[in-house]
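**Student:** Predicted model, plus sequence, below.
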Amino acid sequence: MHSQINIERLYQELSRQIGPSGWWPAESKPEIILGAILVQNTSWNNVEKTLIQLKEVTDFQPQKILALTIDELQSLIRSSGFYKNKSRAIHETFKWFEKHQWDYSKIVQRYSTELSQELLTIHGVGEETADVLLVYVFDQVVFIADAYARRLFSNLEERTYKNYSQLKRAVKLPQHFTSFDAQEFHGLIDEFGKLYLKDEQKIDELREKTVGL
DNA sequence: GGCCAGGACACCA
DNA sequence: TGGTGTCATGGC
């Protein structure tokens, strides 16, 4: 049996050290959706270049995004890498939202607890991107078990979470977490990862405060 | 100049 | 269900 992290204390401690995270860094939901796809296995630094291009050309207006030819879209997002995959993912995801008139609250009502499964039917939207959309677009209280989270939890608990679903199953957010908390928790984990994941002393310090038996 | 980044998917056993 | 190869750019 591994020692487990006290999620409550981890959230509080990360907030105290580096909060507020300011995540997700975007001014609109279409921009969040674009960022969520573009950042797949890619540094945010590369994504920012792409977002600047997209803003200039489309101002993140869905109808303008969808009006781009596949070649135009690929050209605009090229610096984010995997541009063939991502151009298709962006197009299919935006078509999906268009099908639902970009009515976020209505989508939540319609699919209810099945929304995650529905998002996963979109080509190019996998486990993590679906959770990111749930948290930052649909304001759901969900844990995002991304690479930074897996590394952090693996380090703190001194074990190895091999993939997304393994950590996802292991982490239950506190009942009282609001959608803001879920957003902030993810942002803090990733920001902490960027800053300190290679700092053993920092990790040890955090472990003492968040891991019990 | 190789390694890696805020994954997803096809294919295989 | 779980493991592996592939997709691609830019920063270090």
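**Tutor:** Done, it's in.

**Student:** So for the spatially most central residue of chain A, what's the nearest residue that isn't a sequence neighbour?
**Tutor:** Nearest to the mean C-alpha position of chain A, counting by C-alpha atoms, centre = their mean, stands residue A:132 at 3.6 Å. Leaving aside its chain neighbours, residue A:132 sits nearest to residue A:36 (4.5 Å; criterion: C-beta to C-beta, 6 or more residues apart in numbering). In this view, the C-beta of every residue, glycine as well, is placed from N, C-alpha and C.

**Student:** Can you tell me how far that neighbour is from residue A:171?
**Tutor:** To residue A:171, residue A:36 is 20 Å away according to C-beta to C-beta, to the nearest Å.

**Student:** Over to residue A:123?
**Tutor:** In terms of C-beta to C-beta, residue A:123 sits 27 Å off from residue A:171.

**Student:** Which one of those two is surrounded by more residues?
**Tutor:** residue A:171 (17 against 13; other C-beta atoms under 10 Å).

**Student:** Backbone dihedrals for the more buried one, please?
**Tutor:** Phi and psi for residue A:171, reported as degrees, to the nearest 10, are phi -110, psi 120.

**Student:** check contacts around it.
**Tutor:** Neighbouring residues of residue A:171 by C-beta atoms under 8 Å, 6 or more residues apart in numbering: A:7, A:143, A:145, A:149, A:153.

**Student:** The residues you listed in helices, which ones?
**Tutor:** Of the positions in those, A:7, A:149, A:153 sit in helices, assigned by DSSP state H.

**Student:** could you dump these to CSV with neighbour count?
**Tutor:** Below are these laid out as CSV (neighbours: other C-beta atoms under 10 Å):
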residue, neighbour count
A:7, 16
A:149, 23
A:153, 22
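
**Student:** how deep is whichever residue of chain A sits closest to DNA strand C tucked in, by neighbour count?
**Tutor:** Of all residues in chain A, the one sitting closest to DNA strand C is residue A:81 (2.5 Å; C-beta to the nearest atom of the strand). Residue A:81: 16 surrounding residues under other C-beta under 10 Å.

**Student:** Tell me who's in contact with it.
**Tutor:** The neighbourhood of residue A:81, defined by C-beta under 8 Å, 6+ apart, consists of A:41-42, A:46.
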